[in-house]
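> Take this sequence and fold it.
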Amino acid sequence: MPLSTLCLHCGMCCDGTLFTHVSLQPTEVLALQQRGVPVGQRADGSPALVQHCAALDGRACTAYAERPAGCRRYQCQLYGALAEKEVSLEEALAVVDEAHALRDALERELPSAERDAPRSVMQRARHAAPALSERAQAAYTRAEAFLDARFRGRFGRRG
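Model prediction:
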C-alpha cells in the first residue's frame with residue numbers, strides 16, 4: 001500500500017516531468033484509443049504514449065488497471081528506495097512534494113505557454129532552455145538536478 005500511495009501522490013512519470021513518452025506494443029494501441037487516450041509515434045514510427053498522458057487526472061492514472069506494459073514496468077529511483085525500505089513513506093512523500101515545488105517554481109519563471117507547447121512544465125523548459133531568463137535557467141537547472149538525483153538515478157534524462 002505505501003508504494004501505491006507514493007505513486008498516487010506523485011504522477012511525475014505520467015505528466016511529462018521525467019520523460020516524454022512511453023513505448024507501446026502494437027496490441028496496446030487500440031485499447032488506449034478506445035479509452036480516448038491519444039497515441040503518438042516515436043521518431044522511428046513505433047507507437048508511443050506521449051506525455052503528459054491524457055489518462056492522468058491530477059496525479060492519478062484513470063487507466064491504471066489497463067495501463068500499458070511500459071507503464072507497469074516503470075519504477076523510479078524513489079519508488080525503489082521505498083520498496084527497499086531505504087526511506088519511509090513520509091520521507092518519500094516529502095521528496096515528491098519538494099519535486100513538485102521545484103517544478104512549480106520553474107513554471108512561475110517560464111513565459112506563458114504557446115498554443116502548441118507541451119503541457120509538461122519540464123518539457124516546455126527543455127524546449128526553451130537556450131532562451132530562458134537567468135532566473136528561469138537557474139530554476140530549470142535546480143529542478144532537473146533534483147529529478148536526476150531523486151527519481152531518474154543512474155538512468156538520467158530520457159526523451
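> Mind splitting this structure into its structural domains?
Domains of the chain are assigned by automatic domain parsing as 11-73, 77-155.
> Hmm, R124 and L106 touching each other?
No: counting by CB atoms under 8 Å, L106 does not reach R124; the two are 9.0 Å apart. C-beta: built from backbone N, CA, C; applies to glycine.
> Between the two, which has more neighbouring residues?
L106 (24 against 21; other CB atoms under 10 Å).
> which ones are touching the more buried one?
L106 is in contact with V121, M122, A125, A136, A139, Y140, R142, A143, counting by CB atoms under 8 Å, 6 or more residues apart in numbering.
> So which of these wins on neighbours?
Tallying neighbours with other CB under 10 Å puts M122 at the head of these, with 26 neighbours.
> Keeping just the C-alphas, turn stretch 94-104 into CSV.
What follows is stretch 94-104, C-alpha atoms only, in CSV (Å, rounded to 0.1, in the frame of the first residue of the first chain):
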residue,chain,number,x,y,z
ALA,A,94,8.3,14.8,1.3
VAL,A,95,10.7,14.2,-1.7
VAL,A,96,7.7,14.2,-4.1
ASP,A,97,6.4,17.5,-2.5
GLU,A,98,9.8,19.1,-3.0
ALA,A,99,10.0,18.0,-6.6
HIS,A,100,6.5,19.4,-7.3
ALA,A,101,7.5,22.7,-5.5
LEU,A,102,10.7,23.0,-7.7
ARG,A,103,8.6,22.3,-10.8
ASP,A,104,6.0,24.9,-9.8
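> List the buried residues of that stretch.
V95, V96, A99, H100, L102, R103 (16 or more other CB atoms under 10 Å).
> and if you look at stretch 6-26?
6-7, 10-22, 24.
> Surely V29 is in contact with Q41?
No: counting by CB under 8 Å, V29 does not reach Q41; the two are 10.2 Å apart.
> Of these two, which one has the most company?
V29 (16 against 12).
> Phi and psi next, for the most far-flung residue of the chain relative to its centre.
Of all residues in the chain, E134 has its C-alpha farthest from the mean position, at 24.5 Å, by CA atoms, centre = their mean. Comment: the main-chain dihedrals of E134 come out as phi -60, psi -40, following degrees, to the nearest 10.
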